[in-house]
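Participant: pasting a predicted model and its sequence here:
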Amino acid sequence: MAISNFISFANPKAPLYPRLAQGKFWNEMTVTWTSGYDIDEAVPFVEWGRKGDLHLRSPAGTLTFKQNSMCGSPARTVGWRDPGFIHTSFLKNLWPNFVYTYRMGHLLSNGSFVWSKTYSFKSSPFPGQDSLQRVIIFGDMGKAERDGSNEYSDYQPGSLNTTDQLIRDLSNIDIVFHIGDLTYSNGYISQWDQFTAQVEPIASTVPYMIASGNHERDWPNSGSFYDTTDSGGECGVPAETMFYFPAENRAKFWYSTDYGLFHFCIADSEHDWREGSEQYRFIEQCLASVDRHRQPWLIFAAHRVLGYSSDYWYGQEGSFEEPMGRESLQKLWQKYKVDIAFYGHVHNYERTCPIYQNQCVNKERNHYSGVVNGTIHVVVGGGGSHLSAFSEVTPNWSLYRDYDWGFVKLTAFNHSSLLFEYKKSRDGKVYDSFTISRDYRDVLACVHDGCEATTSAS
């Protein structure tokens, strides 16, 4: 038996785990990171610039949260661990499609600097710009131990498969959407560091956009739409603090964002979305505001299945949806001609036909051209958590089901051509796909319950 030399961190307060996100404008990127430095110890900032050009320094804001910000146990008791300090800097007036390098820094009171390593990202295209644009979407990934040691609840056995597959294909990815159930920390706060460390190779290179799920937000008597204990007492606080997202109110997790030819409306299924609610008004405004001539591909996403799923539990309920899910929203999807709606929560993959009011409105399966007539609904909750069984009944609108871990990749080639691919996390191969080919006039065309008013006056 021998005794090793004393082991310590070179700097336990050093800046770590950068995570990029789109700002509120197309030409703005945010950098969020974690450190041990409060603002009375050191001033946080990001040094950045176009590759090979002069670099700027942009200040960062600093946030944290305390034990009394948690809503209940275990987050407020045995699961509590100080998260350190969360810094966010806004890199503005970016040139479209340029590669920028950046590093996080802290100016200490003695005049010295503490630096992270240097990272890089490619800035967003101008809205409506014709270029190759590639989007990844999945939900419910979580985290896992690379050394094979036991994980809390062993809840996310496919997590590393998805993470590693995305890292391997990172040069062919422009932006990522993780639509809820991020870490499954469930009140054990240290697991947020584990998750941000796991996704760092992805989130430090491309925007990592998130949505709120039940395991981030839900807690009784805390304002969540569902009165469950799924967040482990976190009630949304760590998620709202650890990641940036361009919402007007960070406690209300709904927002819109643009990426070139795409317009995304991200809903928060853990707050009321029904007609008459504040969020319903946001969703309609988001869908109505897009200029489909510039941004033809309109995408809706939420954590819970507000559309269609033949999940076993939904089948038992008899509705094949989150209760009260699509009743209010389907007329908005139809009116504003949403192309694809994505959901997590159910841990499998399923794709519907273009559908409206439970009826397939297009007979094609793999290639849609011209007027599509309805919205395609996709469950992509197989990011890594334990898998969900399907109902024994397969509805006629369900075109493809897969009981496995995976993710979706959207590729916009131009204003008229979109490729959809579902890939398994185990091997990165495509197991389901379709294309959409159309012109602007097809987006404008009248569809059932989606026609603009006309007059016979000359």
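Facilitator: Everything's here; your move. Numbering: from 1, shown residues only.
Participant: check which residues of the helix or strand of the chain with the lowest mean pLDDT are buried.
Facilitator: Least confident helix or strand, the chain: helix 312-317 with a mean of 90, by mean pLDDT, DSSP states H and E. For helix 312-317, the neighbour count (16 or more other C-beta atoms under 10 Å) marks Tyr314, Gly315 as buried. Glycine gets a C-beta too; all of them are placed from N, C-alpha and C.
Participant: what helices or strands is it leaning on?
Facilitator: Judged by 3 or more C-beta pairs under 8 Å, 6 or more residues apart in numbering; DSSP states H and E, helix 312-317 is in contact with no other helix or strand.
Participant: I'd like the next helix or strand past it.
Facilitator: The first helix or strand that comes after helix 312-317 along the chain, using DSSP states H and E, is helix 326-335.
Participant: who does the helix or strand that comes right after that following helix pair up with?
Facilitator: Counting by DSSP H and E, the next helix or strand C-terminal to helix 326-335 is strand 340-343. Note on strand 340-343: by DSSP bridges, its sheet partners are strand 297-302 (parallel), strand 375-380 (parallel).
Participant: for Asp442, grab phi and psi.
Facilitator: phi -70, psi -30 (degrees, to the nearest 10).
Participant: brain fart, Asn172
Facilitator: Per degrees, to the nearest 10, the backbone of Asn172 is at phi -110, psi 20.
Participant: what sits against it?
Facilitator: Contacts for Asn172 (C-beta atoms under 8 Å, 6 or more residues apart in numbering) come out as Arg134.
Participant: give me the distance between it and His263.
Facilitator: Asn172 sits 22 Å away from His263, taking C-beta to C-beta, to the nearest Å as the criterion.
Participant: over to Lys24?
Facilitator: 14 Å.
Participant: which of these two has more residues huddled nearby?
Facilitator: For the pair Lys24 and His263, the greater number of neighbours falls to His263 (25 against 14), based on other C-beta atoms under 10 Å.
Participant: from what I can see the more buried one touches Ser256, true?
Facilitator: Yes: His263 is within contact range of Ser256, at 7.0 Å (criterion: C-beta atoms under 8 Å).
Participant: before we move on, back to that, just name the most buried of the strands paired with strand 340-343.
Facilitator: strand 375-380 (a mean of 27; mean count of other C-beta atoms under 10 Å).
Participant: chain center to that one: distance?
Facilitator: 15 Å (C-alpha atoms, centre = their mean, to the nearest Å).
Participant: tilt between that strand and helix 326-335?
Facilitator: Interaxial angle of strand 375-380 relative to helix 326-335 (axes from the mean of the first three to the mean of the last three C-alpha atoms, to 10 degrees): 120 degrees.
Participant: and Glu275, that's in a strand?
Facilitator: No: using DSSP: H, G, I helix; E, B strand; the rest coil, the assignment for Glu275 is coil, not a strand.
Participant: the residue nearest to it when sequence neighbours are not counted - how many residues pack around it?
Facilitator: Excluding the flanking residues, the one nearest Glu275 by C-beta to C-beta, 6 or more residues apart in numbering is Ser328, at 4.3 Å. Other residues lying near Ser328 total 17 when counted by other C-beta under 10 Å.
Participant: run through the protein and note the low-pLDDT ranges.
Facilitator: 151-154 (pLDDT under 70).
Participant: and the helices in it?
Facilitator: Secondary structure of the chain (DSSP state H): helices located at 159-168, 190-203, 214-217, 237-242, 278-289, 312-317, 326-335, 440-444.
Participant: output the second one as PDB, nothing but the C-alphas.
Facilitator: Extracted as PDB, the C-alpha positions of helix 190-203 are listed here (Å, rounded to 0.1, in the frame of the first residue of the first chain):
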ATOM      1  CA  SER A 190     -24.400  19.200  -8.400                       C
ATOM      2  CA  GLN A 191     -25.700  17.300 -11.400                       C
ATOM      3  CA  TRP A 192     -26.100  20.500 -13.300                       C
ATOM      4  CA  ASP A 193     -22.300  20.800 -13.400                       C
ATOM      5  CA  GLN A 194     -22.100  17.200 -14.500                       C
ATOM      6  CA  PHE A 195     -24.600  17.900 -17.400                       C
ATOM      7  CA  THR A 196     -22.900  21.100 -18.500                       C
ATOM      8  CA  ALA A 197     -19.600  19.300 -18.500                       C
ATOM      9  CA  GLN A 198     -21.000  16.500 -20.600                       C
ATOM     10  CA  VAL A 199     -22.500  18.800 -23.300                       C
ATOM     11  CA  GLU A 200     -19.600  21.300 -23.300                       C
ATOM     12  CA  PRO A 201     -18.100  20.100 -26.600                       C
ATOM     13  CA  ILE A 202     -21.400  20.800 -28.300                       C
ATOM     14  CA  ALA A 203     -22.700  23.800 -26.300                       C
END
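Participant: now for it, which elements pack on it?
Facilitator: strand 16-22, helix 159-168, helix 237-242.
Participant: within the sheet, what are the partner strands of the first one, with directions?
Facilitator: In the sheet containing strand 16-22, the strands it pairs with under DSSP bridges are strand 29-35 (antiparallel).
Participant: the strand it pairs with to helix 190-203, inter-axis angle?
Facilitator: 140 degrees.
Participant: other residues contacting strand 29-35?
Facilitator: Residues contacting strand 29-35 (C-beta under 8 Å, 6+ apart): 13-23, 44, 46, 48, 60, 83-91, 94, 100, 102, 104, 106, 116, 121, 123-124, 193, 196, 207, 242-244.
Participant: now with 7 Å?
Facilitator: Residues from elsewhere that reach strand 29-35 (C-beta atoms under 7 Å, 6 or more residues apart in numbering): 13-23, 46, 84-91, 94, 102, 104, 106, 121, 123, 193, 196, 243-244.
Participant: and the residues you listed, which are buried?
Facilitator: 13-23, 46, 84-91, 94, 102, 104, 106, 121, 123, 193, 196, 243-244.
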